[in-house]
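J.: For reference, the sequence and a predicted model appear below.
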Amino acid sequence: MAIKALVDLVYWRNVKKTAVLFTGLVVGLACLFQLSAVTVASYLCLGIICITFQLRLYYKLLEMLHWNPDGVHPFQSYLDEDKTLTDGQTVKLVEEIVLLIAFAFTELKHLLFISSMVDSIKFAVLLYLLTCVGTQTNGLTLMIIGVISAFSLPILYKKQQVRIRKMVRAAKAFVKAITNMFDSLLSKFKSSSATESESTPVPAIAAAPKQKAKSK
């Protein structure tokens, strides 16, 4: 259910909710350039309270004037919405998080301790590119770019699906060619080192000189 709601937000199926969420995320992250995270969160909550309090006071005034005899709460639907997790859902969520962390540590161990040379080289190139990006931008800029990409790339992919698939196939073919080249170089290096070790003659053990008996 949560995944479906997230997909609906990303694909702008409910324009009003997606626009509010997208604007709030971008503005909130942009405010972090000038203010601390605690200050931004406090101002955001204060802004929400200012709006909701006025609406609640308005409905209360209507109730006192008997223009709202049922005493309808303007946010009753949000209050009635149950977001609590059951015991089974909590255990399942914790298990998924633990498995994800364990998988990440295992993959990182294989990459750092050279379980596969090709994968470790790819990881090293990625780390170098990240260092280049880090010298030009900061974390907040990357987060803003990530939010904008998350709300724009799915729509772009949906509209330009054929062209993007062609570009992805071309990129995969290029990566496969580079990988095959590294594999061939690695196999040639291994075969040449094995050939050199086989062709190297084993030095013969020199015979010990016979000791001549001294004549008396």
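T.: In hand now; what should we look at?
J.: rest of the way, CA atoms for contacts and neighbours
T.: Fine.
J.: Around residue 10, how many other residues sit close by?
T.: 20 (other CA atoms under 10 Å).
J.: I'd say it and residue 18 touch.
T.: Yes: when contacts are counted by CA atoms under 8 Å, residue 10 is listed as touching residue 18 (7.3 Å).
J.: Centre-most residue in this structure?
T.: When CA atoms, centre = their mean is applied to the chain, the residue found nearest the centroid is residue 146 (9.8 Å).
J.: Tell me the spacing between it and residue 156.
T.: 15 Å (CA to CA, to the nearest Å).
J.: And residue 64, by the same measure?
T.: Counting by CA to CA - residue 64 and residue 156 are separated by 51 Å.
J.: where's residue 178 relative to residue 132, distance?
T.: In this structure, residue 178 and residue 132 are 22 Å apart, going by CA to CA.
J.: list the buried ones in the strand or helix carrying residue 175?
T.: Assigned by DSSP states H and E, residue 175 falls within helix 161-199. Of all the residues in helix 161-199, not one is buried under the rule 16 or more other CA atoms under 10 Å.
J.: do stretch 57-75 as well
T.: 59, 60.
J.: Return the alpha-carbon coordinates of that stretch using PDB.
T.: Provided in PDB are the C-alpha atoms of stretch 57-75 (Å, rounded to 0.1, in the frame of the first residue of the first chain):
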ATOM      1  CA  LEU A  57     -11.200  28.000  15.300                       C
ATOM      2  CA  TYR A  58     -13.400  28.900  12.300                       C
ATOM      3  CA  TYR A  59     -15.300  25.600  12.500                       C
ATOM      4  CA  LYS A  60     -15.600  26.000  16.300                       C
ATOM      5  CA  LEU A  61     -17.100  29.500  15.800                       C
ATOM      6  CA  LEU A  62     -19.600  28.000  13.300                       C
ATOM      7  CA  GLU A  63     -20.500  25.400  15.900                       C
ATOM      8  CA  MET A  64     -21.100  28.000  18.500                       C
ATOM      9  CA  LEU A  65     -23.300  30.000  16.100                       C
ATOM     10  CA  HIS A  66     -25.200  26.800  15.400                       C
ATOM     11  CA  TRP A  67     -24.200  26.900  11.700                       C
ATOM     12  CA  ASN A  68     -22.300  23.700  12.200                       C
ATOM     13  CA  PRO A  69     -24.700  21.700  14.400                       C
ATOM     14  CA  ASP A  70     -23.000  18.400  13.700                       C
ATOM     15  CA  GLY A  71     -19.700  19.700  15.100                       C
ATOM     16  CA  VAL A  72     -17.700  18.500  12.000                       C
ATOM     17  CA  HIS A  73     -14.000  18.600  12.600                       C
ATOM     18  CA  PRO A  74     -12.100  19.900   9.500                       C
ATOM     19  CA  PHE A  75      -9.300  17.300  10.000                       C
END
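J.: Give me the contact list for that stretch.
T.: Stretch 57-75 is contacted by residues 55, 56 when judged by CA atoms under 8 Å, 6 or more residues apart in numbering.
J.: Now do that stretch, average pLDDT.
T.: Mean pLDDT, stretch 57-75: 80.
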